[in-house]
Structures are given as C-alpha cells and as structure tokens.
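Undergrad: next one to model:
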Amino acid sequence: MAFSHSISRTALLLGTLVAAQIAPSPAAEPTSIVLLNGRSIPMSSVVLQGENFVVTAATEFFNEAQTIPCEQADHVFGVAPPALKQAVALLLMNQPKDAQKLLEPIVLQHRVTAKIPGNFWLDAARTLLVVHAVMGDAPKCTDLGKEISDATPVQGNDPFVALGKTLLMPPTVKPEDRDTALRVLISDPRMTTDVCAYASFYRGNLFKQQKSPEKALEAYLSVPCLFPTGGLVLMAAAELQAAEILTSLVRREEAVALLRSALRDAAGTPLVEEVNKRLKSSQ
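TA: The predicted model follows:
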C-alpha cells in the first residue's frame, strides 16, 4: 500500500532523530490548587463540599475548617503522578488489571480537582475508563463516563465515552464491524487526538489478531505519524508493535529505527524493558 509505505518512511525518520538530553527534574512539589489571588493550597489539604473547598489541615494562608468557593480556583499546579503513564503502558501491554491498580488511587486522590484547569484527574479517569472498557465492565464505564462528562460540561459527552462504547463491543461482533466502528471514531472531527490514537492502536490489535500484518502495520504507524500529540506512551506502544511486524517482514532497519524512537517515548514506563529486549535481539 502506498499509504503504508509513506507512513513507514515517516516512522523511519522519526526513529532516527537524535534524542535531546533532558536535565534531571527537581524534586516534585505537592499538587496544589492555585487561586485567583495567587495563593495556593495543597490538594491534600482540602475536601469538596458542594460548591466549596473545605480546608482539612491548616496551611500558611488558610485555617482548618475554612471554606474556599470553588469559583476562586484558577488552576492546578504540580507534576503528573508517574504512575499515570506507567498505567497507560500497562494497559497497552494488555495488563489492564495492573493498570487499574495504579489508576484508581490517582482518580480518588485527585477527584477534588476534577473541574479545575490543569488537573491530573481527567487523564487518569479517561485512562481508567479505557481500562474498564477493555475489561468489559460496562457499568463502571457508564458511571465514570458520566463523571468525566460532568467535569467537562462545555463539550457535552466526553469523547472518551464514545471510545469506551466502541471498545465494549462484545466478542460476537464481526471484526469488520469492529473496524468500521473504530474508523468512525478516527474520522469524527469531534474526537480528540488521544481518542484517535487509541482507536488506531486498537485497530492495529484487531488486524494483528486477524493475521493481517500490512493492515496492522498501517494502523499502528498511524499513531506516531497522524496523531503524535495523542501521547508519548501511546506512540511508544504503537511503535513497538509496528517494529515487531517490520521484523517479521524482514525490514530490520526500519524496525530498529522504530524501537529506538519507542525507547525515548517509553521513558519511565514498563515498556522500556520490552523495547530493550527487542533491540538486543535485533543486534
């Protein structure tokens, strides 16, 4: 396929880019809620009651039991929990139960910030929704999808709700119908790039199961080439899968280039070990 070859060449270019050296990160500060007046309070020091935050532990600027109107919250400050991207990796490595164990505490701890810009709850909750969908848990998908949509009311139903419904399709659904549903998501302008990236990845899995390597390769390579802003871990997982197919097609140079790219994208996740194994075996 011309499209598949074009994507492969693009992936090869991506894989041969020189990795930028990243300076060590300073110690992460506690996740905080920054108010409109510039003051902040640790997320762990408040609980949500109605339309107010209630201070549960006194801080420099706030007393215990003091209330803060939610409308005064401007944004969330902090570093994303490392377990979040680790969970995404485990999900894409077909270990959803392990991903669930990492995600549920994050969703619980960060729920108080769900409606504040810059929060980490939303990404964790969306990933957990995909986990529930992959595990076939429709009730939990429905409940979490409603909670996510309530936190993002401007856009109505969150795009991940549609992704969850598609992934929940029972095994009895024909592969061609499942593919059509995933392609509908990818072509829908209302879907976000991360939803499209997930849909492309799971299309790759579908074709892999159907033993259609060329179609699977095209689907996997769509993630880094067409939806690169969908997430580094998603890109790494797709690159790893694509490299495996390229290896089976005796296209070693392209496979190695993708593995090197995946190694950078997978930093800090369980995917690194798997990528290193493939790189070692390709020598």
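
Undergrad: going forward, measure contacts and count neighbours with C-alpha atoms only.
TA: Noted.

Undergrad: any figure for the gap between the residue of the chain positioned farthest from its centre and residue 133?
TA: Among the residues of the chain, the one whose C-alpha is farthest from the average of all C-alpha positions is residue 63, by Cα atoms, centre = their mean at 37.0 Å. Plainly put, residue 63 is 42 Å away from residue 133 if you go by Cα to Cα, to the nearest Å.

Undergrad: re earlier: name the SS class of the residue farthest from the centre of the chain, please.
TA: Three-state secondary structure (criterion: DSSP: H, G, I helix; E, B strand; the rest coil) places residue 63 in coil.

Undergrad: kindly report the same for residue 184.
TA: Here residue 184 is recorded as helix under three-state DSSP.

Undergrad: residues contacting the residue farthest from the centre of the chain?
TA: For residue 63, the contacting residues are 55, 57, by Cα atoms under 8 Å, 6 or more residues apart in numbering.

Undergrad: where do the strands sit along the stretch 101-250 of the chain?
TA: Defined through DSSP state E, counting those that start in this stretch, the strands belonging to the stretch 101-250 of the chain form an empty list.

Undergrad: that one: helices as residue ranges?
TA: In order along the chain, the stretch 101-250 of the chain carries the following helices (DSSP state H, counting those that start in this stretch): 121-134, 138-151, 159-167, 175-187, 193-209, 213-226, 232-248.

Undergrad: how near is the closest residue to residue 144 other than its chain neighbours to residue 136?
TA: If the residues on either side of it in the chain are set aside, residue 144 comes closest to residue 129, at 6.4 Å by Cα to Cα, 6 or more residues apart in numbering. Taking Cα to Cα as the measure, residue 129 falls 10 Å from residue 136.

Undergrad: over to residue 52?
TA: 36 Å.

Undergrad: with residue 30 instead?
TA: Counting by Cα to Cα, the gap between residue 30 and residue 136 amounts to 35 Å.

Undergrad: CA atoms only for stretch 49-59 - export them in PDB, please.
TA: Listed in PDB are the C-alpha atoms of stretch 49-59, where the atom choice follows Å, rounded to 0.1, in the frame of the first residue of the first chain:
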ATOM      1  CA  GLN A  49     -18.400  20.100  49.800                       C
ATOM      2  CA  GLY A  50     -21.000  21.300  47.300                       C
ATOM      3  CA  GLU A  51     -19.600  24.400  45.600                       C
ATOM      4  CA  ASN A  52     -16.800  25.000  48.200                       C
ATOM      5  CA  PHE A  53     -13.500  23.600  49.200                       C
ATOM      6  CA  VAL A  54     -13.200  23.000  53.000                       C
ATOM      7  CA  VAL A  55      -9.700  23.100  54.500                       C
ATOM      8  CA  THR A  56      -8.900  19.900  56.400                       C
ATOM      9  CA  ALA A  57      -5.400  20.900  57.500                       C
ATOM     10  CA  ALA A  58      -4.200  24.400  58.300                       C
ATOM     11  CA  THR A  59      -1.600  25.900  56.000                       C
END
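
Undergrad: for it, buried residues please.
TA: Within stretch 49-59, the residues that qualify as buried by neighbour count (16 or more other Cα atoms under 10 Å) are 52, 53, 54, 55, 56.

Undergrad: the last one reaches residue 48, doesn't it?
TA: To tie it back to what came earlier, the one meant is residue 56. No: here residue 56 lies out of contact with residue 48, judged by Cα atoms under 8 Å, at a distance of 10.2 Å.
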